[in-house]
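S.K.: just the structure for this:
(one chain, ligands or ions: 1)
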Amino acid sequence: MKVKISRRATFNAAHRLHNKNWSEEKNKLFFGKCNNPHYHGHNYTLIVSVLGDINEDSGYVIDISYLKKIIEDKIIDYLDHKNLNLEVVEFQELNPTLENIIKVIYDKLRKELSNEFTLSIILYETENNFAEINETV
Ligand code: NI
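M.R.: The predicted structure is shown next:
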């Protein structure tokens with residue numbers, strides 16, 4: 001039997017949704033308020049879950065303080081209080097939608113965690129809007 005261990009973290013960031021290949025009009029129509037040229041912010045909540053076996057010696061699936069440190073060092077320090085479009089290299093060309101932000105976060109975390117763990121992450125952009133990447137799906 002495997003156990004899933006989760007850690008929650010929050011950050012805030014500004015962004016603008018925009019496709020440079022579309023006209024200003026089409027961008028405004030499609031992305032609405034999210035196309036505001038002066039940017040807007042969100043308080044993001046990230047939940048990172050690691051599914052694995054309980055280690056017989058430690059009794060842990062993963063040392064949650066290690067998981068906490070990875071999330072802080074690789075994600076929170078990298079994204080918190082940033083303008084995603086202007087300051088985060090991944091979003092120089094990539095539209096910082098909820099979908100693309102969670103994908104960037106997933107790629108960074110996946111590199112840090114052993115393949116013995118099955119990773120799933122949830123990212124809330126607002127209280128009601130959230131995305132999930134789950135390796136078991
Ligand atoms: Ni937004």
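
S.K.: and stretch 15-30, how far out from the chain middle?
M.R.: Centroid separation for stretch 15-30 versus its chain: 23 Å, with CA atoms, centre = their mean, to the nearest Å.

S.K.: next: stretch 26-33.
M.R.: A distance of 23 Å separates the centroid of the chain from that of stretch 26-33, by CA atoms, centre = their mean.

S.K.: residues making contact with it?
M.R.: If you take CB atoms under 8 Å, 6 or more residues apart in numbering as the criterion, stretch 26-33 is touched by 17-19, 22, 35, 40. Every C-beta, even on glycine, is put in place using the N, C-alpha and C of the backbone.

S.K.: where do the helices sit along the protein?
M.R.: Taking DSSP state H as the test, the helices found in the chain are 24-31, 64-70, 77-79, 84-87, 98-112.

S.K.: quick one: the strands in the chain?
M.R.: For the chain, the strands defined by DSSP state E cover 3-15, 40-52, 82-83, 118-124, 130-134.

S.K.: export those strands as a markdown table, with columns for mean pLDDT and mean neighbour count.
M.R.: A markdown table is the format used below for the strands of the chain (pLDDT from 0 to 100; neighbours: other CB atoms under 10 Å):
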| stretch | mean pLDDT | mean neighbour count |
| --- | --- | --- |
| strand 3-15 | 98 | 16 |
| strand 40-52 | 98 | 18 |
| strand 82-83 | 98 | 16 |
| strand 118-124 | 98 | 19 |
| strand 130-134 | 98 | 15 |
